[in-house]
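Participant: Return atomic coordinates for the entry below.
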Amino acid sequence: MDSKIIKMETEFSGRTLTLETGRMAKQAGGSVLVQYGGTVVLVTATASKTRREGIDYFPLMVDFVEKMYAAGKIPGGFFKREARPSTTATLAARLIDRPLRPLFPEGFRNDVHVVVTVLSYDKENSPEMLGMIGASAALSISDIPFHGPIAGVNVGLIDNEFVINPTVEQFATSQLDLAVAGKDNAIMMVEAGAHEISEEKMLDALTKAHDSIRELIVFENEFIAKAAKPKGEYELDVIDEDLISEVVKATTEKIQNALNIPDKLERNAALDAIKDEVLVSFEEKLPAEEFEQKKSADRRCI
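Facilitator: Okay, the predicted model is just below:
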């Protein structure tokens, strides 16, 4: 499959950040190669063509794949094969998942799989935020519906000065280890550890981070404008507004009373009884086929 290779780069926090698509993983819905310093990650995003039936959540999976060859090593000792993800990889996948998940359309039930593979690690620039930027870019240029882009940065506090995307060595002396992700108009995810810095310093760090995120999003948008595919048509699982109104009207007062029950087990039992009561009432007044169609939606309305 021939495709045009699109490559763009910018200077960010003293290093060159590169986004590239069209060279690798061409059969994925969207694929982006991200390089920052000597660290390189490949991010692919793919969605199923049909929605998954019978679920009331969005089936997004993010995998963060570490390979020892990325750091110039081979497995040794008792475990000589790379198998399950490490704790670090699992946490990195969750870090990327959190800001992505809210940006898909309400009712989108197609499986989406984002894979971040670390191809090279220079032991200076951490790959987690590169994975986040790459995931955002890959989803944005794909045919998958996604209300991005987003970006993420790390912030350190070294010698009382904020540093965006500190190296691993710089983090060793930093008073602050802050990870921030967001859109151009909002911060969406914050994860931090610190050595007792003031609230004012933390707010300043968040402001500094968001300014840098906006800078990255401008770069991403330029890349997306050159590389984006047309978005596909996907069927959404949308609950009928009349059904929502009917269920809300029938259950609001009962739920309020149930939530005031002090005992947890009694409270949960009361809420379950309300759900069952609603289902029975609809089963009595709807034809069997229509009732089965609305059954799962009834529970999601409560």
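Participant: Which positions within the longest strand seen in the chain qualify as buried?
Facilitator: When secondary structure is assigned using DSSP state E, the longest strand within the chain turns out to be strand 39-51. In terms of neighbour count (16 or more other CB atoms under 10 Å), strand 39-51 has its buried residues at Thr39, Val40, Val41, Leu42, Val43, Thr44, Ala45, Thr46, Ala47, Arg51. Backbone N, C-alpha and C define where each C-beta goes, glycine included.
Participant: for stretch 192-204, same thing?
Facilitator: In stretch 192-204, the ones that count as buried by 16+ other CB under 10 Å are Ile197, Met202.
Participant: Show residues contacting that stretch.
Facilitator: Identification of contacts with stretch 192-204 by CB atoms under 8 Å, 6 or more residues apart in numbering yields Leu157, Phe162, Gln175, Leu176, Asp177, Leu178, Ala179.
Participant: any chance of those residues in a markdown table, with pLDDT, secondary structure and distance to Gly72 too?
Facilitator: Formatted as a markdown table, the entries for these read as follows, by pLDDT from 0 to 100; DSSP: H, G, I helix; E, B strand; the rest coil; distance: CB to CB, whole Å:
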| residue | pLDDT | secondary structure | distance to Gly72 |
| --- | --- | --- | --- |
| Leu157 | 94 | strand | 31 |
| Phe162 | 95 | strand | 32 |
| Gln175 | 93 | coil | 31 |
| Leu176 | 94 | strand | 30 |
| Asp177 | 94 | strand | 26 |
| Leu178 | 95 | strand | 29 |
| Ala179 | 96 | strand | 26 |
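Participant: Make JSON lines from those and add neighbour count and distance to Thr88 to it.
Facilitator: Shown next, in JSON lines, are the contacts of stretch 192-204 (neighbours: other CB atoms under 10 Å; distance: CB to CB, whole Å):
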{"residue": "Leu157", "neighbour count": "23", "distance to Thr88": "23"}
{"residue": "Phe162", "neighbour count": "19", "distance to Thr88": "25"}
{"residue": "Gln175", "neighbour count": "15", "distance to Thr88": "22"}
{"residue": "Leu176", "neighbour count": "21", "distance to Thr88": "20"}
{"residue": "Asp177", "neighbour count": "16", "distance to Thr88": "14"}
{"residue": "Leu178", "neighbour count": "22", "distance to Thr88": "18"}
{"residue": "Ala179", "neighbour count": "19", "distance to Thr88": "13"}
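Participant: returning to what we had before: packing partners for the longest strand of the chain?
Facilitator: strand 30-36, strand 110-120, helix 128-141 (3 or more CB pairs under 8 Å, 6 or more residues apart in numbering; DSSP states H and E).
Participant: Can I get the shortest one as CSV, trimmed to CA atoms?
Facilitator: As requested, the backbone C-alpha atoms of strand 30-36 are provided in CSV (Å, rounded to 0.1, in the frame of the first residue of the first chain):
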residue,chain,number,x,y,z
GLY,A,30,-4.1,6.0,12.3
SER,A,31,-0.4,5.6,13.0
VAL,A,32,2.2,8.2,14.2
LEU,A,33,5.9,7.9,14.9
VAL,A,34,6.9,10.3,17.6
GLN,A,35,10.5,11.2,18.3
TYR,A,36,11.9,13.5,21.1
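Participant: by contact count, what packs against that strand?
Facilitator: Where contact means 3+ CB pairs under 8 Å, 6+ apart, strand 30-36 is packed against strand 15-21, strand 39-51, helix 128-141.
Participant: mind listing what's buried in stretch 85-98?
Facilitator: For stretch 85-98, burial by neighbour count (16+ other CB under 10 Å) applies to Ala89, Ala92, Ala93, Leu95, Ile96, Asp97, Arg98.
Participant: Quick one: residues in contact with it.
Facilitator: The list of residues contacting stretch 85-98 from outside it, by CB under 8 Å, 6+ apart, reads 60, 62-66, 114, 116, 127-128, 131-132, 135, 152, 179, 181, 188-189, 191.
Participant: Which of those are buried? Put it as a ChimeraX command.
Facilitator: One line in ChimeraX is enough to select the buried ones among the contacts of stretch 85-98; burial here means 16+ other CB under 10 Å:
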select :60,62,63,64,65,66,114,116,127,128,131,132,135,152,179,181,188,189
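Participant: Noted, bye for now.
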